[in-house]
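J.: Build the 3D model from these lines:
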Amino acid sequence: MAIDKIRVGIIGAGQNTRKMHIPKLMGLPGVELIEVANRTIASSKKIASEFNIPRVRSSWQEIINSEDVDAIVIGTWPYLHCEASCAALQSGKHVLCEARMAMNHSEAQLMLQASEASPHLTAQLVPAPFTLHADKTIRAYIDHGRLGELLHFQVDFQSNSITNLDGLLHWRRNKKYSGENVMFLGIIYESILRWTVPAIKVSATGNIFINKAIDPESGKQVPIEIPDYLSVQMELENGIHGSMLITETSLHASPPTIKIFGSEGCLKIDFIPDGKLWYGAKADDSMQEVEILPHDKGSWRVEEEFINAIRGKEEVKLTTFNTGVEYMRFTQAVMESYREDGNTKP
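T.: Got it, this is the predicted structure:
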């Protein structure tokens, strides 16, 4: 498919959209950013002025219905992902949607159904970024038997709070905008899916330590419903067990890590952008840093992949709507288990 010019509309110019999507799309040949609609007209005009986007729309629906737009980047919080993505696909627009995919598993399924109803359109999610550079190497170590029989894995993701007791409610802890998404749970699980198979059992407990914040819209103190401490146990389809400790209540915490334990060796990745990868065999005294070879090192190429997929040059891999449905299925199951204080099958 030869498409010389691709005209892009922006719905929601959040931090990642301004930092990554807009500049990188502008750097691709034959791509024009022509319309933007943010949460307010004032913020839309500011974005348009900053990036020389010629047309400001007063609502996101105007971009959906615009005959001048070929593709849409949805950079809002999760509350609008399903409605905007489905509407865009039904209007014949290609879609690049920000992570987290949706408010819940049901919305994610609706998005997948909308994409499957229009297979000629590209539908892509922004991928979990932290392990892109190391995914191929991790997968190779597993496939080539460097770890032996896989036994279990451990996720340790601890950080300081994003919401102070006397501070404003962050959107990630606002159920109105985040739904079932909690902290970095879905992002971590998406990364793990690149190396192994989905979960079939989960059990989760948690807590809400910082349980009140100021609603930026009303100015009133409101209760927080999304946990800031979560402990998850799981079993994967291949029988491997895993555990996750994810918190936003840890002072002086160590950098987050994921460790994969096997009968013959162990891998550890520092779960930060371009984090180091470590390996130790059974006979080694300690773990050593793994050199990731240039031809194995992945990188952020989300916008390039999106445009290439529209032009028929490659298929979307990171991340497909199918993968998004899987991580939302897992996220939903974890939150149901947390609320029920018991086991829930994804």
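J.: if I pick residue 228, what's in contact with it?
T.: 161, 163, 173, 183, 207-210, 247-249 (Cβ atoms under 8 Å, 6 or more residues apart in numbering). (Each C-beta comes from the backbone N, C-alpha and C, glycine too.)
J.: Show the buried residues in these.
T.: 161, 163, 173, 183, 210, 247-249 (16 or more other Cβ atoms under 10 Å).
J.: ok, so of those, who is nearest residue 325?
T.: Taking Cβ to Cβ as the measure, residue 325 lies nearest residue 183 of the buried ones among the contacts of residue 228, at 19.9 Å.
J.: Doesn't that closest one lie inside a helix?
T.: No - with DSSP: H, G, I helix; E, B strand; the rest coil as the criterion, residue 183 is coil rather than part of a helix.
J.: give me every residue that touches it.
T.: Under the criterion of Cβ under 8 Å, 6+ apart, the neighbours of residue 183 are 157, 172, 226-228, 230, 246-248.
J.: try it again with 7 Å
T.: Contact analysis of residue 183 by Cβ atoms under 7 Å, 6 or more residues apart in numbering lists 230, 246, 248.
J.: about what we covered before: which of the contacts of residue 228 lies closest to residue 333?
T.: Checking the contacts of residue 228 against residue 333 with Cβ to Cβ, the nearest one is residue 183 at 15.6 Å.
J.: Quick check, pLDDT for that closest one.
T.: Looking at residue 183, its pLDDT is 97.
J.: go on, residue 4?
T.: pLDDT, residue 4: 83.
J.: what sits against it?
T.: Residue 4 neighbours (Cβ under 7 Å, 6+ apart): residue 30.
J.: now the contacts of residue 228 as a markdown table including secondary structure and distance to residue 99?
T.: Listed next are those as a markdown table, based on DSSP: H, G, I helix; E, B strand; the rest coil; distance: Cβ to Cβ, whole Å:
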| residue | secondary structure | distance to residue 99 |
| --- | --- | --- |
| 161 | coil | 22 |
| 163 | coil | 20 |
| 173 | helix | 17 |
| 183 | coil | 13 |
| 207 | strand | 25 |
| 208 | coil | 23 |
| 209 | coil | 25 |
| 210 | coil | 24 |
| 247 | strand | 20 |
| 248 | coil | 18 |
| 249 | coil | 23 |
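J.: picking up where we left off before, of the buried ones among the contacts of residue 228, the lowest pLDDT goes to which?
T.: Ranking those by pLDDT puts residue 163 at the bottom, with 62.
J.: hmm, back to that, wait, which of the contacts of residue 183 is closest to residue 38?
T.: Using Cβ to Cβ, those come closest to residue 38 at residue 248, 26.8 Å.
J.: From residue 72, how far off is the residue nearest to that closest one when sequence neighbours are not counted?
T.: Nearest residue to residue 248, sequence neighbours excluded (Cβ to Cβ, 6 or more residues apart in numbering): residue 228, at 4.4 Å. For residue 228, the distance to residue 72 equals 33 Å [Cβ to Cβ, to the nearest Å].
J.: what's the residue nearest to residue 248 sitting at in phi/psi?
T.: Phi and psi for residue 228, reported as degrees, to the nearest 10, are phi -110, psi 10.
J.: CA atoms of the longest helix anywhere in the chain as CSV?
T.: The residue-count maximum for a helix in the chain (DSSP state H) belongs to helix 321-340. Extracted in CSV, the C-alpha atoms of helix 321-340 (Å, rounded to 0.1, in the frame of the first residue of the first chain):
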residue,chain,number,x,y,z
PHE,A,321,-4.8,-4.8,20.8
ASN,A,322,-4.8,-8.6,21.5
THR,A,323,-1.9,-8.1,24.0
GLY,A,324,-3.7,-5.2,25.5
VAL,A,325,-6.8,-7.3,26.1
GLU,A,326,-4.6,-9.9,27.8
TYR,A,327,-3.0,-7.4,30.2
MET,A,328,-6.4,-5.9,31.0
ARG,A,329,-7.7,-9.4,31.7
PHE,A,330,-4.9,-9.9,34.2
THR,A,331,-5.3,-6.5,35.7
GLN,A,332,-9.1,-7.0,36.2
ALA,A,333,-8.5,-10.4,37.8
VAL,A,334,-5.9,-9.0,40.2
MET,A,335,-8.3,-6.2,41.3
GLU,A,336,-11.2,-8.6,41.7
SER,A,337,-9.0,-10.8,43.8
TYR,A,338,-7.8,-7.8,45.9
ARG,A,339,-11.4,-6.8,46.5
GLU,A,340,-12.6,-10.3,47.3
